[in-house]
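Asks: here is my input, please return the structure:
(one chain, ligands or ions: 1)
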Amino acid sequence: MSTQAPERHEFQAEVKQVLDIVVHSLYTDKEIFVRELVSNASDATEKLRHTQLTEKEIFDADLDLEIQVTADEESGEVTIRDFGIGMTHDELIENLGTIAHSGSKAFLNALKESGEKNENLIGQFGVGFYSVFMVAEKVDVYTRSWHKDGECLRWSSDGSGAYEIDTVEGERRGTRIVIKLKEEYKEFAKKDRIEAIIKKYSAFVQFPVKVEGEELNTVGALWLKNKSEITDEEYKEFYKFQANAFDDPRFWLHFSADAPLEINSILFAPTENMEGFGFGRMEPGVALYCRKVLIDSDPKNLLPEWLRFVRGVVDSADLPLNISRESMQDSSLIQKLNKVLTKRFLKTLEEKAKKEPEVYDDFWQNFGLFLKEGVTTDFTHRDQLLKLLRFESSYTEEGKTTSLSDYLSRAPEGQKEIYYLSGPSRSAIESGPYFEAFKARNIEVLYLYEPIDEFVMNHARAFEEKNFVSADSDDIDLDAISPETDTDKPEALAKEDSEALCSFIKEKLGDEVSEVTTSERLVGSPAMIVNADKMMTAQMRKMMKAMQQKAGGPDMGGEPPVKLQVNPRHPLVKNLAGLRDSDGELATLISRQLLDNARVAAGLLEDPSAMLQRNYEILEKVSAK
Ligand SMILES: Nc1ncnc2c1ncn2[C@@H]1O[C@H](COP(=O)(O)OP(=O)(O)OP(=O)(O)O)[C@@H](O)[C@H]1O
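Replies: Here you go, the predicted model:
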């Protein structure tokens, strides 16, 4: 039937890679090729339905929108047919010969990052059309695009390295995929087998699916059903179908509203955080429907950016059906939907946190970063988000967290601020000098382990009108909140001795310190650097410097002079006060060492070599005595 000799094309290199992995992997679930092809057929039909809304001239306009599957056990052939948008010559090359689409690209990236564990990954991805080559010896794709002046085409390949395209005659609009099964996979051409597979994976397809002319019972638009009619199993299956997911949903929110907009929606929180696995930034995945007609499978502004991990469906009868993707981005309707959905989702999280704290805690461990991102980027929802934040603290056990409300409920009457400390771990924070004064007074401190946490504190500034304050700040009057519990403290240096020592240290350290004072905040440590800059802690300054250097930006310059505080009750400090007169040289070395040790505790010492050298010098002097 061909009118010309077929054109031969090589698959793009990446496609060959995918084909090689798919065909030669030990992946056992060969049957998923049916799911992939039926879902492509459904997508193409959805697109046609959408095209019909705006285009008048559609080829074969009167065809029924259904998916037909036939199987011939004898010849070992399965055919999957849709009457969707079909493909033009260029689209065939683009879609079935190159990797431009999301699924396979993510698959390849994941493979690159996973190293050896390839087999597991294949099951986690829809590898799309190419999965058919797991079972097929040859595949013929007959297709006719919806455009009035199109041609009927045939794309054929055995999946080994190349494919051919030629023109044929007599095709109806849409796509017909004829799969010649490999001898060992002929079981897939049994009617019962294929029916069972479709029921298992494709129950939510929006169009009638007919196997050998008999329509299968599919579930259809789950979101329009009454909650009481839906089983948990159905929700889970729907999530997998809709999100192309391999995990179960963590929880879901099925809600309907009539005002201010008519909405029927199911939103899912996934179990796995794929960004956390290093899969790169997630794309939004809540599909937008209007009365069961798909408007956009991944609209960008339907939810705020920081909710990009949410999956599901939103159906609003208020949307104009012919809304274009472009105009949709700025539509005030979308903004309204965004507002309602975000509020509802956050409310669900609040309820989870209250009624099922373990479920929420686990969610927080996996998806907390997204909520923190929300605090730093989304002013509108900041207050709601702050209630959902969780941190370890000096009052929680290791690995357990507290909310900010609970923190405040425990705070003594006079405490007007929320204190936090950043550090790489609980033990690092608790053994540092800054925690001592809080511990001695039983004042709770939040522990911040993630780089983003300080940005969160900085952006939010306050929670319920109590400012967030880093516990290394200069001017915290802890005695005003709660007196120290230990009354049996070693005696402090006399005032004039302290003052003389401070000016000695200041003189010896010169421009490296802006000020040297004594501090009653220290308990077991001899000295500490305090943060005079309310806006930026030392950790944050360091992080921003690293970021700027990475981005090739201007150097932020060396460290600004720091404020050093010494503990007048510490034996080392007391000894130093005496040493000043008897051995000025050693006293100078020790003062310098004191500053560097305080820098280490503050995470500020970048190059320890000079400090080590000096350390040896001191040891040498002391050991000679
Ligand atoms: N039955 C079909 N009708 C029209 N176009 C199709 C059909 N099947 C596949 N295509 C086109 O080929 C492309 C590639 O399909 P493939 O199944 O490999 O990936 P995908 O559906 O885009 O992504 P994934 O399945 O991984 O989510 C599709 O995006 C679509 O444009």
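Asks: could you list the low-confidence segments of the stretch 101-250 of the chain?
Replies: Within the stretch 101-250 of the chain, the segments meeting pLDDT under 70 span 101-104, 106, 114-127.
Asks: and with 80 instead?
Replies: For the stretch 101-250 of the chain, the stretches with pLDDT under 80 are 101-127, 200-203, 217-220.
Asks: which of the three states applies to the nearest residue to V513 once chain neighbours are set aside?
Replies: Sequence neighbours aside, L564 is the residue nearest to V513 in space, at 4.9 Å (criterion: Cβ to Cβ, 6 or more residues apart in numbering). To be clear about C-beta, it is placed using only N, CA and C from the backbone, and glycine gets the same treatment. Classification of L564 using DSSP: H, G, I helix; E, B strand; the rest coil returns strand.
Asks: helices and strands around the host helix or strand of S514, which ones?
Replies: Taking DSSP states H and E as the definition, S514 sits inside strand 513-518. For strand 513-518, the contact count by 3 or more Cβ pairs under 8 Å, 6 or more residues apart in numbering; DSSP states H and E identifies helix 495-509, strand 562-566 as packing neighbours.
Asks: kindly export the following helix or strand past it (C-alpha atoms) in CSV.
Replies: Counting by DSSP H and E, the element after strand 513-518 in chain order, helix or strand, is strand 527-530. C-alpha atoms of strand 527-530 as CSV (Å, rounded to 0.1, in the frame of the first residue of the first chain):
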residue,chain,number,x,y,z
ALA,A,527,35.1,32.8,76.0
MET,A,528,32.7,33.2,73.1
ILE,A,529,32.1,35.4,70.1
VAL,A,530,28.7,37.1,70.2
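Asks: state the mean pLDDT of strand 527-530.
Replies: Regarding strand 527-530, the rounded mean pLDDT is 92.
Asks: contacting residues around that strand?
Replies: The contact list for strand 527-530 (Cβ atoms under 8 Å, 6 or more residues apart in numbering) reads 433-434, 472-474, 519, 521-522, 538, 562-567, 573, 594-595, 597-599, 601-602, 604.
Asks: again with stretch 48-60
Replies: 61, 65, 83-85, 144-148, 150, 172-174, 293-295, 321-322, 324.
Asks: which of the residues you listed count as buried?
Replies: With neighbours counted by 16 or more other Cβ atoms under 10 Å, the contacts of stretch 48-60 contain buried members at 65, 83-85, 144-147, 150, 173-174, 293-295.
Asks: including distance to L371, could these go into JSON lines?
Replies: Formatted as JSON lines, the buried ones among the contacts of stretch 48-60 follow (distance: Cβ to Cβ, whole Å):
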{"residue": "L65", "distance to L371": "41"}
{"residue": "F83", "distance to L371": "44"}
{"residue": "G84", "distance to L371": "39"}
{"residue": "I85", "distance to L371": "39"}
{"residue": "R144", "distance to L371": "48"}
{"residue": "S145", "distance to L371": "45"}
{"residue": "W146", "distance to L371": "43"}
{"residue": "H147", "distance to L371": "46"}
{"residue": "G150", "distance to L371": "49"}
{"residue": "R173", "distance to L371": "47"}
{"residue": "G174", "distance to L371": "44"}
{"residue": "V293", "distance to L371": "33"}
{"residue": "L294", "distance to L371": "29"}
{"residue": "I295", "distance to L371": "28"}
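Asks: just these: which are in strands?
Replies: 144, 174, 293-295 (DSSP state E).
Asks: near the ligand too, which of those residues?
Replies: Applying Cβ under 6 Å from any ligand atom, the subset of those adjacent to the ligand is empty.
Asks: how about the nearest residue to whichever residue of the stretch 301-450 of the chain sits closest to the ligand, chain neighbours excluded?
Replies: Proximity of the stretch 301-450 of the chain to the ligand (Cβ to the nearest ligand atom) peaks at R311, 13.3 Å away. Take R311 and drop its neighbours on the chain: the residue closest to it by Cβ to Cβ, 6+ apart is A243, 3.8 Å away.
Asks: thought S482 was touching G414?
Replies: Yes - between S482 and G414 there is a contact at 7.3 Å, judged by Cβ atoms under 8 Å.
Asks: who's more crowded, those two?
Replies: Of the pair S482 and G414, S482 is the one with more neighbours under other Cβ atoms under 10 Å, namely 17 against 10.
Asks: check contacts around that one.
Replies: The contact partners of S482, taken as Cβ under 8 Å, 6+ apart, are 412, 414-415, 441-443.
Asks: quick one: it and the ligand, what's the gap?
Replies: For S482, the distance to the ligand equals 58 Å [Cβ to the nearest ligand atom, to the nearest Å].
Asks: tell me which element the one residue in the stretch 401-550 of the chain that gets nearest to the ligand falls in.
Replies: As assessed by Cβ to the nearest ligand atom, the ligand sits closest to I452 within the stretch 401-550 of the chain, at 30.9 Å. Using DSSP H and E, the element containing I452 is helix 451-460.
Asks: export that helix to PDB, keeping only CA atoms.
Replies: Output in PDB follows, covering the C-alpha atoms of helix 451-460 (Å, rounded to 0.1, in the frame of the first residue of the first chain):
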ATOM      1  CA  PRO A 451      21.100  25.700  55.900                       C
ATOM      2  CA  ILE A 452      17.600  27.000  55.000                       C
ATOM      3  CA  ASP A 453      16.500  27.200  58.600                       C
ATOM      4  CA  GLU A 454      18.200  30.500  59.300                       C
ATOM      5  CA  PHE A 455      16.600  32.000  56.100                       C
ATOM      6  CA  VAL A 456      13.300  30.900  57.500                       C
ATOM      7  CA  MET A 457      13.900  32.700  60.800                       C
ATOM      8  CA  ASN A 458      15.100  35.700  59.000                       C
ATOM      9  CA  HIS A 459      12.200  35.900  56.600                       C
ATOM     10  CA  ALA A 460       9.500  35.200  59.200                       C
END
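Asks: pLDDT of that helix, averaged?
Replies: In this model, helix 451-460 carries a mean pLDDT of 92.
Asks: buried residues of that helix, list them for me.
Replies: Buried positions in helix 451-460, judged by neighbour count with 16+ other Cβ under 10 Å: 453-458, 460.
Asks: could you do stretch 224-232 as well?
Replies: For stretch 224-232, the neighbour count (16+ other Cβ under 10 Å) marks I230 as buried.
Asks: residue numbers of the stretch 201-350 of the chain in contact with the ligand?
Replies: For the stretch 201-350 of the chain, the contact set with the ligand under Cβ under 6 Å from any ligand atom comprises N244.
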